[in-house]
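**Student:** for reference, the sequence and a predicted model appear below.
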Amino acid sequence: MKSKYCALLFVLGCLGFLFTMKAAAQSQPAGQTEQRDPEFEKEIYDRLATINPEAVPLFQSATAAMDAGDLETAEVHFEQVLDLAPDFPDALRRLSYVVAESGDPHRAVTLARQALDVDESATNRAGLAKAYLMTGTPTNEQLALVSALQAAEEAPDDQYVMVVLLMSGLATENVEAIDKASSQLMHLLPEEPLGYFFQGVVMAETGDWVQAETLLAQAQALGWPAEEVQAVLASRPFPWVQIVGAAMSLWLVVMVILFLLGAFFSRLTLRTVKQAQAHHTFQATTGERRLRALYRLVITLTAIYFYPD
């Protein structure tokens, strides 16, 4: 990514974190959501019931506690689920969320890896990517990007997966990942500003400011903070290249005109001289004197124009 955008994207990514989390919360498989997809939850309960029915109510209460922000209760109940149903991937994944939020991201990575080892689903790959991001180290951020890209290939229509890919792209300043995630989020979450804003940032990065302004305006209309939109717009470079290019073009046009005028008056002057010699007339007429004066003027202007010093 171009250096002028690195700091900007980092700041915007941090400022937009709450919006990112909001979009992540709206993705039902992601965990940490107040209104979950009943079908997705039922599928988990059914799988858990085949292992140990007693673990189902504990899993439900653990999830409810996590959604309510009661991390201590959620951790205890997810641990109890794992005692009754060892290596149950959904419990491992959601426990990784709780542990990360509790301040132990490295244990969260271990739990997320265990979940992925048991079930190589896109949701678990995204969960591992999120755990990597929570550590805040450059090496793990790169690992997060790899895992998020794999998840996105497997589940391009999963909101949570795309939000994690966006977060990974921002952490690693990977424009392609930000582009892929934000464009897909515009489709998956058309009423949310998240995708529009970061797609606008991508367009600004690539120099398409017309499209960038349109997308950023839409993001602001949907609720994205106006100061963040203005921060991106303020980074628009002054069009020196266009101005210099236009000036050079004008200079060349004028130069060509002066050259053509000089050539034209040169031919006319030579013609009058030849006619005078043919007729043995050495006294210039009034018209010839005017012609020669114009010719001198054009030559003088051309010299001044080309050599301004």
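**Tutor:** Noted; the coordinates are in hand.

**Student:** which element is the nearest residue to L143 once chain neighbours are set aside on?
**Tutor:** Closest residue to L143 apart from its sequence neighbours, by Cβ to Cβ, 6 or more residues apart in numbering: Y132 at 4.9 Å. (C-beta placed from N, C-alpha, C; glycine too.) Secondary structure assignment for Y132, by DSSP states H and E: helix 122-135.

**Student:** and that helix, what does it pack against?
**Tutor:** For helix 122-135, the helices and strands in contact under the criterion 3 or more Cβ pairs under 8 Å, 6 or more residues apart in numbering; DSSP states H and E are helix 89-101, helix 105-118, helix 138-154, helix 159-172.

**Student:** mean pLDDT per helix and strand in this structure: which one sits at the bottom?
**Tutor:** For the chain, using mean pLDDT, DSSP states H and E, the weakest element among its helices and strands is helix 17-26, scoring a mean of 42.

**Student:** buried residues in the helix or strand following that helix?
**Tutor:** Sequence-wise, the next helix or strand downstream of helix 17-26 (DSSP H and E) is helix 38-51. Residues of helix 38-51 classed as buried: 41, 44-45, 48 (neighbour count, 16 or more other Cβ atoms under 10 Å).

**Student:** separation between the residue nearest to L143 and A247?
**Tutor:** Computed as Cβ to Cβ, to the nearest Å, the Y132 to A247 distance reads 51 Å.

**Student:** more crowded one of those two?
**Tutor:** Remark: of Y132 and A247, Y132 carries more neighbours, 28 against 10, as counted by other Cβ atoms under 10 Å.

**Student:** how close does the more buried one get to V164?
**Tutor:** Counting by Cβ to Cβ - Y132 and V164 are separated by 10 Å.

**Student:** same question for A219.
**Tutor:** 20 Å.

**Student:** swap in R125?
**Tutor:** Counting by Cβ to Cβ, the gap from R125 to V164 is 9 Å.

**Student:** touching both of the two, which residues are there?
**Tutor:** Jointly contacting R125 and V164 under the rule Cβ atoms under 8 Å, 6 or more residues apart in numbering are 148, 151.

**Student:** look at the two and report which has more neighbours.
**Tutor:** Using other Cβ under 10 Å as the criterion, R125 and V164 rank with V164 on top: 32 against 26.

**Student:** what's the per-residue pLDDT of the nearest residue to the more buried one once chain neighbours are set aside here?
**Tutor:** Spatial nearest neighbour of V164, chain neighbours left out: A126 (4.3 Å); criterion: Cβ to Cβ, 6+ apart. You'll see A126 listed with a pLDDT of 96.

**Student:** so what's the residue count around A126?
**Tutor:** A126, neighbours per other Cβ under 10 Å, totals 34.

**Student:** give the contact list for it.
**Tutor:** A126 sits next to 30, 147-148, 151, 158, 160-161, 164-165 when contact means Cβ under 8 Å, 6+ apart.

**Student:** and if we set it to 7 Å?
**Tutor:** Contact analysis of A126 by Cβ atoms under 7 Å, 6 or more residues apart in numbering lists 148, 151, 160-161, 164.

**Student:** could you do R113 as well?
**Tutor:** Per Cβ under 7 Å, 6+ apart, neighbours of R113: L128.

**Student:** measure it to M167 for me?
**Tutor:** Going from R113 to M167 by Cβ to Cβ gives 18 Å.

**Student:** dump the helices and strands packed on helix 122-135 to CSV, plus mean pLDDT and distance to V254.
**Tutor:** What follows is the helices and strands packed on helix 122-135, written out as CSV (pLDDT from 0 to 100; distance: least, Cβ to Cβ, whole Å):
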stretch, mean pLDDT, distance to V254
helix 89-101, 96, 66
helix 105-118, 97, 65
helix 138-154, 96, 53
helix 159-172, 93, 49
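
**Student:** of those helices, which is nearest G195?
**Tutor:** helix 159-172 (8.2 Å; Cβ to Cβ).

**Student:** let me know the secondary structure of the spatially most central residue of the chain.
**Tutor:** The chain has V202 as the residue nearest its centroid, 3.2 Å off, counting by Cα atoms, centre = their mean. What DSSP: H, G, I helix; E, B strand; the rest coil gives for V202 is helix.

**Student:** that one contacts N174, correct?
**Tutor:** No. Applying Cβ atoms under 7 Å, one finds V202 not in contact with N174, separated by 10.8 Å.

**Student:** ranking the helices and strands packed on helix 122-135 by burial, who's on top?
**Tutor:** Of all the helices and strands packed on helix 122-135, helix 159-172 has the most neighbours on average by mean count of other Cβ atoms under 10 Å, namely a mean of 27.
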